[in-house]
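In: Okay, here's the prediction I keep looking at, along with the sequence it came from:
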There are 2 protein chains.
Amino acid sequence: MARAWHLKSRPNGLPTADNFEFKDIQLPELADGMVHVRNRWLSVDPYMRGRMNDVKSYVPPFQIGEPLEGGAVGEVVESRDPNFAAGDMVLHMVGWRDEAVVPAAALNKLPQIPGVEPQAFLGNLGLTGGTAYWGLLDAAQAKAGDIVFVSAAAGAVGSAVVQIAKAKGMTVIGSAGGADKCQFVRDLGADAVIDYKSGTPLVKALAEAAPKGIDVYFDNVGGEHLDAALALARKDARFAICGMIDGYNSGEPTSLRYIMRVIAMRIMLKGFIYTDYLPRNGEFYGEMGPWVATGQVKGRDTVLEGLEKTPEAFLGLFTGANTGKMLVKL
Amino acid sequence: MARAWHLKSRPNGLPTADNFEFKDIQLPELADGMVHVRNRWLSVDPYMRGRMNDVKSYVPPFQIGEPLEGGAVGEVVESRDPNFAAGDMVLHMVGWRDEAVVPAAALNKLPQIPGVEPQAFLGNLGLTGGTAYWGLLDAAQAKAGDIVFVSAAAGAVGSAVVQIAKAKGMTVIGSAGGADKCQFVRDLGADAVIDYKSGTPLVKALAEAAPKGIDVYFDNVGGEHLDAALALARKDARFAICGMIDGYNSGEPTSLRYIMRVIAMRIMLKGFIYTDYLPRNGEFYGEMGPWVATGQVKGRDTVLEGLEKTPEAFLGLFTGANTGKMLVKL
């Protein structure tokens, strides 16, 4: 009998353990073209919070009483499709459970990159690393010499942004909450680090860390960080907007004091989504793969063990429990 | 003796007549390379409000006790420069006064476009028309078939946006305040018009006017209009941000309830300034000149007569006194 986490109720604001229910599920018989997978690693990501609301968005909402979904790496147990065989490691979206029967078309065999562990495809070589890579280099068009500011720099996306920016010859200012996370960001190679929990107003802290202003802002949080970036943006600054974790739960409008600088500084803001870039995965693996394999771009995963910990891992994303990528190991 | 309007004090919020002082000025002797100009038409524009604050912006602030500046069309009275002769009509930035002695390098002879009146170079062939043209076609990359929303559509920039968009085969929704202005926008060719003073929430009004959503937003006002455009933006929508008249005077932060849609809809916002495009004036005159000459892009100027009316004309920009371009005729 397989087991899966289901959405019990829609969160109102910050999600709680009560929104989730752990239930047995019946796996269907293995028909032609289907593959039986045992999950090894599950990903939890902030975007999942959005799918818990009943609103139209870029991915359809989760349904109450139905199993949740999410990125996962698993091992093929049995295959009724010629492209997959028992023992293959695969990437797919049927997470939040231990076993699944998945159509072959919904599975991706993990690329063979020497020195890369399977769970990297949920992190630096997956959603979070890809978000960092494409957001920085395509949406924000960041280039060598740019001064880059990245919020949530100790998070999975942010820590990849810091390292990619350094690999590409940029100056990087990261913000993170608390001394430990700030030290982690410094160790990743950031040129300056802002502790947003220090009590110094963000605009002031950023002005000190970036006395010449910033050319690029990689936004993971929205809110005050976005406003501080607007305040310090130089002419022709470019902002990649990929996650506004501050806004996912609050439901409050975002208050921007410096939005008018968009005009004077000719700022461009660009929203983007990782999956738009999946057709360019070849380019991404080609550059990021070696960085990950050689350790030039490192992950520091926060790993909870056991399927029953999945909601706890997810909730931890909103309380700052993770440094780097949050994963569940089965 | 020439006369000029001076900045007497910096406005706090909405400017008032008390911020301006009318004084005689002494014109310098006409040295080599200088041109004596008698102004015929003065332009007043919302961006001038920004220059009345003592803050660094894309143009330096006006100084207290000094004459104000602004776009003007004048006639050369006497020239000590070989490129200009008495009787030439010229465009320059030494407005808010009746006469000026100007370096030849700061004067532009009006291009000869048959059927175009001189004051058009302060409007549809100048700052406001150029802002509309470049904002719509370059900053927002609007193209035939797009659904375009433009705020302050009865204003000088907005009314040009409506007409250029129609000339280019776009669907246009304009917002304006009050029945007269809405009728004016409809007469310009807009497919739908929103009266933002009607009491209907803007998001609701825009959803009714644009049931399929919008591809392009041309922002002249910021604030609630910007938020409504975010709420209705379709995938890959592009916003040209050129004036946030709502924010010039209030000093209040902008509250955005729908900013998070930037991500899901991959929205791009781009701030821009007309003067960045001056090197491309040839292109602009080439396309816009014939439209203006044939009446395909019309202006409806609001003209106050007499130099003494200049502050009144300027203040009227913030109370909705103008339909189309606000000008002072000397």
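Out: Noted; the coordinates are in hand. Numbers count the residues shown, from 1 in each chain, chains lettered A, B, ... in the order given.
In: For A:L188, which residues are in contact?
Out: Contacts for A:L188 (Cβ atoms under 8 Å, 6 or more residues apart in numbering or on different chains) come out as A:153, A:159, A:162-163, A:166, A:174, A:298. (Each C-beta comes from the backbone N, C-alpha and C, glycine too.)
In: Identify the residues contacting stretch A:106-119?
Out: A:35, A:37, A:40-41, A:73, A:83-84, A:88-94, A:121, A:125, A:285, A:289-290, A:292-294, A:301, A:327, A:329.
In: one step back: pLDDT, secondary structure and distance to A:E29 added to the contacts of A:L188, as JSON lines?
Out: Shown next, in JSON lines, are the contacts of A:L188 (pLDDT from 0 to 100; DSSP: H, G, I helix; E, B strand; the rest coil; distance: Cβ to Cβ, whole Å):
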{"residue": "A:A153", "pLDDT": "95", "secondary structure": "coil", "distance to A:E29": "48"}
{"residue": "A:S159", "pLDDT": "95", "secondary structure": "helix", "distance to A:E29": "43"}
{"residue": "A:V162", "pLDDT": "98", "secondary structure": "helix", "distance to A:E29": "48"}
{"residue": "A:Q163", "pLDDT": "98", "secondary structure": "helix", "distance to A:E29": "45"}
{"residue": "A:K166", "pLDDT": "97", "secondary structure": "helix", "distance to A:E29": "51"}
{"residue": "A:G174", "pLDDT": "98", "secondary structure": "strand", "distance to A:E29": "50"}
{"residue": "A:K298", "pLDDT": "91", "secondary structure": "coil", "distance to A:E29": "43"}
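In: so A:E99 sits right up against A:L30, yeah?
Out: No: counting by Cβ atoms under 8 Å, A:E99 sits too far from A:L30 to count as a contact (11.6 Å).
In: Give me the more crowded residue out of these two.
Out: Ranked by neighbour count (other Cβ atoms under 10 Å in any protein chain shown), A:E99 and A:L30 place A:E99 first, with 20 against 15.
In: Tell me the confidence at A:V221?
Out: What the model reports as pLDDT for A:V221 is 90.
In: isn't it right up against A:V150?
Out: No: in this structure A:V221 lies outside contact range of A:V150 using Cβ under 8 Å: 10.0 Å.
In: Give me the more crowded residue out of the two.
Out: Between A:V221 and A:V150, counting by other Cβ under 10 Å, A:V150 is the more crowded of the two (34 against 21).
In: show me what contacts A:M288?
Out: A:124-125, A:129-130, A:133, A:164, A:297.
In: okay if I get those as a markdown table plus neighbour count?
Out: Formatted as a markdown table, those follow (neighbours: other Cβ atoms under 10 Å in any protein chain shown):
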| residue | neighbour count |
| --- | --- |
| A:N124 | 30 |
| A:L125 | 30 |
| A:G129 | 29 |
| A:G130 | 24 |
| A:Y133 | 25 |
| A:I164 | 27 |
| A:V297 | 27 |
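In: Name the nearest of these relative to chain B.
Out: Minimum distance to chain B across those is 14.9 Å, recorded for A:G130 (Cβ to the nearest Cβ).
In: Shouldn't the closest one be within a strand?
Out: No: according to DSSP: H, G, I helix; E, B strand; the rest coil, A:G130 belongs to no strand; its state is helix.
In: Quick check: it touching A:Y277?
Out: Yes: contact criterion Cβ under 8 Å: A:G130 and A:Y277 qualify, at 6.4 Å.
In: Which among the contacts of stretch A:106-119 count as buried?
Out: Buried members of the contacts of stretch A:106-119, scored by 16 or more other Cβ atoms under 10 Å in any protein chain shown, are A:35, A:37, A:40-41, A:73, A:84, A:88-94, A:121, A:125, A:285, A:289, A:292-293, A:301, A:327, A:329.
In: and chain B, which of these reach it?
Out: Checked against chain B using Cβ under 8 Å from any Cβ of the partner chain, the buried ones among the contacts of stretch A:106-119 give no members in range.
In: Next step: the residues you listed restricted to helices.
Out: A:285, A:289, A:292-293 (DSSP state H).
In: okay, the residues you listed in a markdown table with distance to A:C242 next?
Out: Formatted as a markdown table, those follow (distance: Cβ to Cβ, whole Å):
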| residue | distance to A:C242 |
| --- | --- |
| A:Y285 | 20 |
| A:G289 | 21 |
| A:V292 | 20 |
| A:A293 | 25 |
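In: Format the residues you listed as TSV; extra columns: pLDDT.
Out: Formatted as TSV, those follow (pLDDT from 0 to 100):
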residue	pLDDT
A:Y285	93
A:G289	95
A:V292	96
A:A293	94
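In: which of the residues you listed lies closest to B:Q141?
Out: A:Y285 (30.6 Å; Cβ to Cβ).
In: what does chain A have sitting close to chain B?
Out: Going by Cβ under 8 Å from any Cβ, the residues of chain A near chain B are A:50, A:57-58, A:222, A:227, A:241-244, A:247-248, A:253-257, A:259-273, A:276.
In: Grab the nearest non-local neighbour of A:W5.
Out: Excluding the flanking residues, the one nearest A:W5 by Cβ to Cβ, 6 or more residues apart in numbering or on different chains is A:W96, at 4.4 Å.
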